[in-house]
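J.: turn this into a model:
(one chain, ligands or ions: 1)
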Amino acid sequence: MQKSEADFAIIGGGIVGLSVAHGLLKQGASVICIDGTDTDFRASRGNFGLVWVQGKGIKTPFYAAWTRDAARLYPSFVSELSEETGIKINLSQIGGYEYFIDSNTLDERIAEYKKLKRALNGDYPYEILSSSEIRAAEPMVGGETIGATFYPYDGHLNPLQLLKALTEYCKKRGLSHYLGEVIESAEKKEGVFKLVTKKGLEVSAEKVVVCAGLGAKKIGPLFGFKNLVSPQRGQILITEKLPPILKRPSVTIRQTNEGAIQIGDSQEQVGFNDNETQVQMSRIAQNAIKVMPKLAQFRLIRAWGSLRVLSPDGLPIYQQSVSMPGAFIVTCHSGITLAAIHSVNLSLWLTGQKNAPDLTSFSEHRFHV
Ligand SMILES: Cc1cc2nc3c(=O)[nH]c(=O)nc-3n(C[C@H](O)[C@H](O)[C@H](O)COP(=O)(O)OP(=O)(O)OC[C@H]3O[C@@H](n4cnc5c(N)ncnc54)[C@H](O)[C@@H]3O)c2cc1C
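T.: Predicted coordinates:
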């Protein structure tokens, strides 16, 4: 039977697990990452690729602040990753838009942002663009668009390249990375966690971090965590490759570094089903054409569905187990956006540093299940 031991065992090698591993390795900890099989649902391989602040935490300023700070950490996080691995992540972080086609919805959003900005002591630098201003800024915009919000730290990247760079970086720093291994049992004996995979790999670690995405439903309770995450499907459409026609991304439409326009806005409660459906694909395309009528001229070449990892209120869960201290759970809806802050700030919390952030607001105790 193969055995492995380290300071930390991370269960799950998606964007969340590898961001946490990245931070822990930089703190000098030894880390094992055990990542399941290709048949698992993996949000890190099917997402939209936005580093996105606006619209998040409108009613929960602590989450808006967490997201804002995460975006600010991004440029240095990505440049270090690229320098050390030679992998291009194609981060463009020069701001992004949310387009509006209904004046009541835009007015509501403006009122919400004013309130949020006050709650964040003025540190929420959004802007509002009129219909003519957004058309001048993005010539593809037209149709029913009546205005847009703009947030200067929003951006986008190639999420698969980010995952690849994180993997390479962590391996260079000594990560023991086990692929195709599914943790099935866990116990804590004499202060040490003993984990065993389906194939019989034995892992010993002083601390465990559950970053298993939707897999946390099954293995979270092994460490005393509540069964809180659930799936939400999103579908994404891809056009043929085009010359640069969009300067900045919006929350539902962006041009990738390779030239394709990527479109997606569905939020579907359909359980563990990541199929594409013709009804949703048509709806997504129609909504996009309302704000950018010229999109109708381009050919769609690909589409996919993927499952988001959602907590009951949509906010992250960061929690140390009460019944098994030393076991932690880290799960969130925006793992790309939060990658840098997960590396920098969560590693302080996981290693028990004095300057660790106070994460009480993100505890799972907020849910009375
Ligand atoms: C359509 C869509 C669009 C999105 N767009 C954005 C976006 O634009 N910006 C953004 O910030 N976020 C976005 N997200 C969310 C983002 O993709 C997720 O927050 C993030 O990928 C979650 O990463 P994860 O590592 O927690 O989960 P996953 O990527 O699901 O990884 C979990 C890993 O755990 C492994 N695992 C599970 N159980 C076990 C076990 N028992 N033993 C060992 N390993 C196990 C799995 O194999 C898997 O590799 C989007 C998501 C979707 C679906």
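J.: closest residue of the stretch 251-369 of the chain to the ligand?
T.: Gly335 (2.8 Å; C-beta to the nearest ligand atom). Any C-beta I mention is one placed from the backbone N, CA and C, and that applies to glycine too.
J.: find the nearest non-adjacent residue to that residue, please.
T.: Spatially, and ignoring its direct neighbours in sequence, Gly335 is nearest to Ile15 (4.3 Å; C-beta to C-beta, 6 or more residues apart in numbering).
J.: report how many residues lie close to the one you found.
T.: 27 (other C-beta atoms under 10 Å).
J.: wait, it touches Lys164, no?
T.: No: Ile15 lies out of contact with Lys164 (C-beta atoms under 8 Å); the separation is 11.0 Å.
J.: how about the residue nearest to Gly335, phi and psi?
T.: When read as degrees, to the nearest 10, the backbone of Ile15 gives phi -60, psi -30.
J.: all helices of the stretch 1-150 of the chain, in order?
T.: Remark: helices assigned in the stretch 1-150 of the chain by DSSP state H, counting those that start in this stretch are 15-26, 61-85, 103-119, 131-137.
J.: right, is the first one up against the ligand?
T.: Yes: remark: helix 15-26 sits within contact range of the ligand at 15-17, by C-beta under 6 Å from any ligand atom.
J.: nearest to the ligand, of those?
T.: Closest approach to the ligand among the residues of helix 15-26 next to the ligand (C-beta to the nearest ligand atom): Val16, at 3.5 Å.
J.: residue contacts, the closest one?
T.: With contacts taken as C-beta atoms under 8 Å, 6 or more residues apart in numbering, Val16 has the following neighbours: 44, 211, 213, 330-332, 335, 338, 342.
J.: got a PyMOL select line for the buried ones in those residues?
T.: Buried subset of the contacts of Val16, written as a PyMOL selection, criterion 16 or more other C-beta atoms under 10 Å:
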select buried, resi 44+211+213+330+331+332+335+338+342
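J.: which one among the contacts of Val16 sits at the bottom for pLDDT?
T.: The lowest pLDDT within the contacts of Val16 belongs to Ser44, with 94.
J.: ok, and the closest non-adjacent residue to that one?
T.: Distances taken as C-beta to C-beta, 6+ apart place Gly14 nearest to Ser44, at 3.7 Å, with adjacent residues excluded.
J.: OK, contacts around that neighbour?
T.: For Gly14, counting by C-beta under 8 Å, 6+ apart, the contacting residues are 35, 42-45, 163, 211, 213, 335.
J.: cool, His333 as well?
T.: 308-311, 314-316.
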